[in-house]
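Colleague: here is my input; please provide its structure:
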Amino acid sequence: MPPRRSTRATTKAASQSKLNFSSKITKPLPARPNQKDKAVKLEEAITRTATPSPPPSSEPAPEQELSPAEVNAAKVSQAAINRYWKGIEDSRLAKEVHKKHGTGLGTGEKVLRYFDVSSQFGPCVGITRLERWQRAERLGLNPPIEVLAVIVKEGRGEEKAHLDQLLSSTAIGERE
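Modeller: This is a model prediction of the structure:
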């Protein structure tokens with residue numbers, strides 16, 4: 001037969017203090033924004049969105065000025081890009097096993113895909129390759145100039161990472 005529990009409260013439970021919610025609040029409440037301030041901000045937002053945009057002109061838009069890094073990248077030769085990729089391949093401990101995945105890809109595309117999966121330059125999802133390179137440069141992560149050279153020379157500034165394309169296509173259900 002199992003031992004019986006006593007019906008009396010133990011000394012520990014009897015000495016436990018009760019919670020008291022009748023005390024005053026010691027933290028100050030955050031200041032509530034004035035209703036007039038809200039109205040002014042709302043009016044400003046409405047006027048910003050309501051202003052008509054200038055009509056599109058038939059003239060082509062002037063090209064954006066290139067940053068100093070983009071000017072330097074435009075000077076990088078294809079031989080330098082090939083040497084950069086050869087250096088990456090030589091630094092690998094294991095050589096490429098499945099060459100079928102790399103067939104049909106140029107050196108530029110291989111460099112860009114390697115940049116896409118290099119986590120040291122930050123996440124690649126939801127951002128174009130050019131924006132990612134510029135962000136890494138701003139943060140002082142020293143992204144390779146050869147990557148920017150491929151982006152600038154091949155006009156791939158608005159192209160998103162290959163990994164991002166794969167993730168978005170499988171999330172939506174599209175397969176190539």
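Colleague: nearest residue to residue 95 in space, please, no chain neighbours.
Modeller: With Cβ to Cβ, 6 or more residues apart in numbering as the criterion, residue 95 has its nearest non-adjacent residue at 7.8 Å, and that residue is residue 89. To be clear about C-beta, it is placed using only N, CA and C from the backbone, and glycine gets the same treatment.
Colleague: that neighbour reaches residue 96, doesn't it?
Modeller: Yes: assessed by Cβ atoms under 8 Å, residue 89 is found in contact with residue 96 at 7.4 Å.
Colleague: quick one, strands of the protein?
Modeller: Using DSSP state E, no strands are found in the chain.
Colleague: which helix or strand in it has the lowest average pLDDT?
Modeller: Using mean pLDDT, DSSP states H and E, the weakest-scoring helix or strand in the chain turns out to be helix 11-14, at a mean of 58.
Colleague: can you pull the contacts of residue 117?
Modeller: 124, 163 (Cβ atoms under 8 Å, 6 or more residues apart in numbering).
Colleague: show me what contacts the nearest residue to residue 70 once chain neighbours are set aside?
Modeller: The shortest distance from residue 70 to any non-neighbouring residue, by Cβ to Cβ, 6+ apart, is to residue 152 (5.5 Å). Contact partners of residue 152, counting by Cβ under 8 Å, 6+ apart, are 66, 70, 73-74.
Colleague: among those residues, which one has the most neighbours?
Modeller: residue 73 (21 neighbours; other Cβ atoms under 10 Å).
Colleague: would you confirm that that residue contacts residue 148?
Modeller: Yes: if you go by Cβ under 8 Å, residue 73 and residue 148 touch, sitting 4.0 Å apart.
Colleague: coming back round to it: just the pLDDT for the residue nearest to residue 70.
Modeller: If you check residue 152, the pLDDT there is 88.
Colleague: ok, now residue 119?
Modeller: 90.
Colleague: quick one: residues contacting it.
Modeller: Per Cβ under 8 Å, 6+ apart, neighbours of residue 119: none.
Colleague: what does the one 5 residues further on give?
Modeller: Residues in contact with residue 124, defined by Cβ under 8 Å, 6+ apart, are 116-117, 132, 160-161, 163-164.
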